[in-house]
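Q: pasting the structure only:
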């Protein structure tokens, strides 16, 4: 499906942008991609501020100029305009279960990795939290985050010992966020999946082999 009237402002190095790119790839949807260079702090420009005052990527701009930010909100919009191959669930039960697991992955895993990275990377001094406000780094939070990531791995390993995918029998947005989280933790926090977490490693090999994982 082609939706060239939609513009996705994103960065290739942004884990949140990758979550949307994977969603689009799973849906076989093509939109106009507009790169935002985080290295040169393009997200702080007046032009991008007009699109997303929170100065974060990604942001989806619609044909009428309206902008939708925040990954779950972008997912919901895309799912509604292209309901085939649902990733948010079909029935009320599926949608509730998928939303529950995706939220757990985001809070317990993705947010923990983000906290670890943003509180340690020298280039993010004064930017410990993304958004329009400045916050100093807190090294102690980074130390705690490493424990949170290890606990997240253990929890996901236990879950995947009894379920083929994070939210059940089918691939969903919960798996997208989990895959991005594992890759983010491996690269950004230097914490790959432990060797003894066999269920998690089995799941990772399957999901990482999907074409969308390269988006």
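A: Received the coordinates, thanks. This structure is a prediction, so every number in the text was calculated from the model and none was measured.
Q: give me the low-pLDDT residue ranges for the protein?
A: 1-3 (pLDDT under 70).
Q: ranges for the helices of it?
A: Ranges of helices within the chain are 15-27, 46-51, 71-81, 92-105, 111-118, 139-160, 173-188, 198-208, based on DSSP state H.
Q: angle of the longest strand seen in the chain against helix 15-27?
A: Secondary structure of the chain per DSSP state E: the longest strand is strand 2-10. Orientation check (axes from the mean of the first three to the mean of the last three C-alpha atoms, to 10 degrees): strand 2-10 against helix 15-27 gives 170 degrees.
Q: counting by contacts, list what strand 2-10 packs against.
A: Applying 3 or more C-beta pairs under 8 Å, 6 or more residues apart in numbering; DSSP states H and E, we find strand 2-10 packed against helix 15-27, strand 30-35, strand 59-61. Where C-beta positions appear, they are placed from N, C-alpha and C, glycine not excepted.
Q: so which of these gets nearest residue 144?
A: Residue 144 lies closest to helix 15-27 among the helices and strands packed on strand 2-10, at 19.8 Å (C-beta to C-beta).
Q: quick one: distance of the closest one to the chain centre.
A: The gap between where helix 15-27 is centred and where its chain is centred comes out at 8 Å by C-alpha atoms, centre = their mean, to the nearest Å.
Q: tell me what that helix is packed against?
A: When contacts are defined as 3+ C-beta pairs under 8 Å, 6+ apart, helix 15-27 packs onto strand 2-10, helix 71-81, helix 173-188.
Q: residue contacts, the spatially closest residue to residue 4 that is not a sequence neighbour?
A: Nearest residue to residue 4, sequence neighbours excluded (C-beta to C-beta, 6 or more residues apart in numbering): residue 32, at 5.5 Å. By C-beta atoms under 8 Å, 6 or more residues apart in numbering, residue 32 lies in contact with 4, 5, 6, 7, 8.
Q: ok, those residues vs residue 61, which is closest?
A: Among the contacts of residue 32, and counting by C-beta to C-beta, the member closest to residue 61 is residue 7, at 4.3 Å.
Q: identify the residues contacting the most far-flung residue of the chain relative to its centre.
A: Using C-alpha atoms, centre = their mean, the residue of the chain lying farthest from its centre is residue 64. It sits 25.9 Å away. Not one residue lies near residue 64 by C-beta under 8 Å, 6+ apart.
Q: and it, how far is that from residue 79?
A: Going from residue 64 to residue 79 by C-beta to C-beta, to the nearest Å gives 19 Å.
Q: burial check on residue 44, number of neighbours?
A: Using other C-beta atoms under 10 Å, residue 44 has 11 neighbouring residues.
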